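A.B. asks: Sequence unavailable; structure follows:
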């Protein structure tokens with residue numbers, strides 16, 4: 001297979017996975033026009049249209065779908081073969097792609113980046129943060145980071161970081177005006193700051209637990225956000241009650257600008273997990289990251 005053949009095949013897969021010539025071109029480090037010419041050359045050589053294009057979208061044709069189904073496993077095997085050869089080197093090298101929620105990327109992966117890349121200078125880490133849950137295999141990620149309850153059962157999951165805790169918080173000024181809720185049921189009479197899931201755009205039902213009994217509260221209030229930091233700022237300003245991770249509100253609690261509410265109803269729970277598909281040949285960069293995380297856990 002010529003190098004140009006390989007590049008064309010990679011380009012085709014990238015366009016399908018990103019659903020956009022612009023996004024695929026940015027991922028491949030090409031200009032959109034160069035990528036478009038690469039796809040045209042591939043279609044001309046094969047004598048079949050692989051992609052259906054409109055001014056707003058791009059999607060594989062029927063022939064493109066069949067070609068993609070055969071192509072993905074072949075490229076995966078090729079990547080594994082290259083990774084296997086690279087593993088013979090003294091130091092692991094190559095690209096490690098991880099998809100994580102924004103919170104996990106900042107607070108869990110972020111502190112590991114410096115020490116990890118110092119220990120493995122030949123590895124390039126491609127960290128993509130997004131809150132929607134994606135298929136890491138179809139999107140060609142080596143691993144993902146999500147809360148344990150969100151990880152599919154067919155994935156191998158490794159604990160990453162410690163326990164987490166959600167906290168209902170409000171400013172003293174708000175509590176002086178509206179009173180303090182004694183149970184989650186009391187939230188129905190309060191001004192709460194809602195969070196909208198980026199996945200299906202539904203509103204998050206606040207999850208509580210006491211003595212092993214779970215309770216969900218559908219709250220209402222003057223503000224709906226999809227960015228936790230905005231909810232924290234609004235709570236500090238006295239807008240209403242927010243429900244956020246402890247690390248997001250800890251500075252406000254320590255300074256007295258926020259008050260922790262319903263503490264008995266918010267026990268800690270297992271936090272983020274690094275997950276990856278079960279593969280016979282694990283890429284050396286991922287193996288190096290798993291070993292690095294395990295070593296850090298033993299030292300903690």
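C.D. replies: Perfect, I can see it now. Keep in mind the model is a prediction, meaning the values are calculated, not measured.
A.B. asks: which helix in the protein runs the most residues?
C.D. replies: helix 62-86 (DSSP state H).
A.B. asks: If you count contacts, what does it end up packed against?
C.D. replies: helix 3-18, strand 94-100 (3 or more CB pairs under 8 Å, 6 or more residues apart in numbering; DSSP states H and E). C-beta: built from backbone N, CA, C; applies to glycine.
A.B. asks: Give me the next element, helix or strand, following the last one.
C.D. replies: I take that to be strand 94-100. Counting by DSSP states H and E, the element after strand 94-100 in chain order, helix or strand, is helix 102-104.
A.B. asks: contacting residues around that next one?
C.D. replies: 129-131, 145-146, 160, 228, 245, 272 (CB atoms under 8 Å, 6 or more residues apart in numbering).
A.B. asks: for the stretch 51-200 of the chain, what spans make up the strands?
C.D. replies: Under the criterion DSSP state E, counting those that start in this stretch, strands of the stretch 51-200 of the chain are mapped to 51-53, 58-60, 94-100, 123-129, 143-147, 155-159, 166-170, 193-195.
A.B. asks: Residue 92 is in contact with residue 287, correct?
C.D. replies: Yes: with contacts counted by CB atoms under 8 Å, residue 287 reaches residue 92, the gap being 7.0 Å.
A.B. asks: who has more neighbours, those two?
C.D. replies: A side-by-side neighbour count of residue 287 and residue 92, using other CB atoms under 10 Å, places residue 92 first with 21 against 16.
A.B. asks: which residues sit in contact with that one?
C.D. replies: Counting by CB under 8 Å, 6+ apart, residue 92 has contacts 86, 120, 122-123, 284-285, 287-288.
A.B. asks: again with residue 285
C.D. replies: 92-96, 120, 123, 142.
A.B. asks: just for the protein, where's the confidence low?
C.D. replies: 1-4, 80-90, 279-281, 299-300 (pLDDT under 70).
A.B. asks: can I see the domain layout of it?
C.D. replies: Here the domain assignment for the chain is 3-86, 94-163+271-299, 166-265, based on automatic domain parsing.
A.B. asks: quick revisit: give me whichever of the helices and strands packed on helix 62-86 is most buried.
C.D. replies: strand 94-100 (a mean of 21; mean count of other CB atoms under 10 Å).
A.B. asks: center of this structure, which residue is that?
C.D. replies: In the chain, the residue lying closest to the centroid (CA atoms, centre = their mean) is residue 100, at 2.5 Å.
A.B. asks: what about the residue nearest to that residue when sequence neighbours are not counted, how many neighbours?
C.D. replies: Closest residue to residue 100 apart from its sequence neighbours, by CB to CB, 6 or more residues apart in numbering: residue 145 at 3.7 Å. The number of residues packed near residue 145 is 25, by other CB under 10 Å.
A.B. asks: how near is residue 145 to residue 198?
C.D. replies: Per CB to CB, to the nearest Å, residue 145 is found 16 Å from residue 198.
A.B. asks: Repeat that for residue 165.
C.D. replies: Separation of residue 165 from residue 198 (CB to CB): 22 Å.
A.B. asks: How about residue 126?
C.D. replies: Residue 126 is 21 Å from residue 198, by CB to CB.
A.B. asks: what's the neighbour count on residue 78?
C.D. replies: The number of residues packed around residue 78, counting by other CB under 10 Å, is 14.
A.B. asks: Revised request: answer the last question for residue 274.
C.D. replies: 26.
A.B. asks: For it, give me its contacts.
C.D. replies: Contacts for residue 274 (CB under 8 Å, 6+ apart) come out as 98, 143-145, 157-158, 160, 289-290, 293.
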